[in-house]
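Asker: Quick one: sequence plus predicted model below, questions after.
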Amino acid sequence: MRLVSFSRDGQSRIGCSIDSQIIDLSIAAPSLPTDLLSLLEQGPEAMQDAETAAKAAGTDAVVSPEDITYLPLIPRPPKTICIGRNYAAHAKEGGAEPPTYPEIFYRGSTSLLAHNAPIIRPKCSDKLDYEAELVAIIGRTARHVAKADALDYIAGYSLFNDATLRDYQRKSTQWTIGKNFDNTGAFGPEFVSADELPAGADGLRIQSRLNGQIMQDANTRDFIFPMDDLIAKLSECMTLEPGDVIVTGTPAGVGYARKPPIYMKDGDVCEIEIEGIGVLSNPVVDEI
């Protein structure tokens, strides 16, 4: 199943993406929640009800993707947990050794934006970098989860552009400030249920493109810490909840490591694509 979060007539809604059309679940299944977080919190039965309703929907529930405004899949996740340097080649291009334990930081909700929405380059910096990343979305409460069971707690996957202000990232040994400028974390457009992808989203090609030029081109099989390992390690520390977002790290090819460096600027378009999940596209606009 593929779900999108969108706004229509000023109201947030969930849609099921089928054959290049969107089924508005507020029409097809009015008893279900109108946001993905609440749907996930209701558990697998609610997700199954959404899929069943979408398949049986009439034409009155069909919406064209061109007629909606996308929202971040989960505009205010309980937690947005990001993993740094999860590809050895990316660690190497930045002059670092591959980590022996995940490097973890958070993103706040005000940094998130949707598919097609503009990534904002702030007035204070011209070093806005792109980062293609796979997202895992938690579907069940998880604490002290064994690695062998960890994938059972993932409801689905999506795309993320962890756009980063490199100069601000390096003002501190902690990366949080460079990763949390408003409207820099693009998230979406589709939630793809875990059963539609290989276990752990393993073996999927991942790319970023800037104005059509391929900048990053790798595969999720190159994770240092694969998905089951990440879930197990995170749940050792904290309770993972339905709707938690885990942003799993970016491969080599980022802008700051190029010679000369390449940063995103006003008028650019950045695309993130992962095999089997889709394309996340965002223009870049200077802060006014």
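Answerer: Sure thing, it's come through.
Asker: Do a quick rundown of the helices in the stretch 1-150 of the chain.
Answerer: For the stretch 1-150 of the chain, the helices defined by DSSP state H, counting those that start in this stretch cover 25-28, 36-41, 44-55, 88-93.
Asker: Report how many residues lie close to the residue lying closest to Gly267 once chain neighbours are set aside.
Answerer: Once flanking residues are discounted, Gly267 sits nearest to Val284: 6.8 Å by Cβ to Cβ, 6 or more residues apart in numbering. C-beta: built from backbone N, CA, C; applies to glycine. Counted with other Cβ atoms under 10 Å, the neighbours of Val284 add up to 22.
Asker: Please verify my assumption that Arg8 contacts Val63.
Answerer: Yes. At 7.1 Å, Arg8 counts as touching Val63 under the criterion of Cβ atoms under 8 Å.
Asker: The two: which is more packed in?
Answerer: Between Arg8 and Val63, Val63 has the larger neighbour count (other Cβ under 10 Å), namely 18 against 15.
Asker: which residues does that one bridge with?
Answerer: Val63 has these beta-bridge partners by DSSP bridges: Ile22.
Asker: Could you name the specific helix or strand carrying the residue nearest to Gly267?
Answerer: strand 278-286 (DSSP states H and E).
Asker: so what strands line up beside that strand?
Answerer: Partners of strand 278-286 in its sheet, by DSSP bridges: strand 119-121 (parallel), strand 269-274 (antiparallel).
Asker: Same list (the ones you listed) but as TSV, adding mean pLDDT.
Answerer: TSV is the format used below for those (pLDDT from 0 to 100):
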stretch	mean pLDDT
strand 119-121	99
strand 269-274	99
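Asker: for these, which one sits closest to Ala89?
Answerer: Ranking the strands paired with strand 278-286 by distance to Ala89, with Cβ to Cβ as the measure, places strand 269-274 first at 17.1 Å.
Asker: Residues in contact with the closest one: which ones?
Answerer: 119, 130, 132-134, 157, 159-161, 163, 186, 201, 204-212, 220, 264, 279-284 (Cβ atoms under 8 Å, 6 or more residues apart in numbering).
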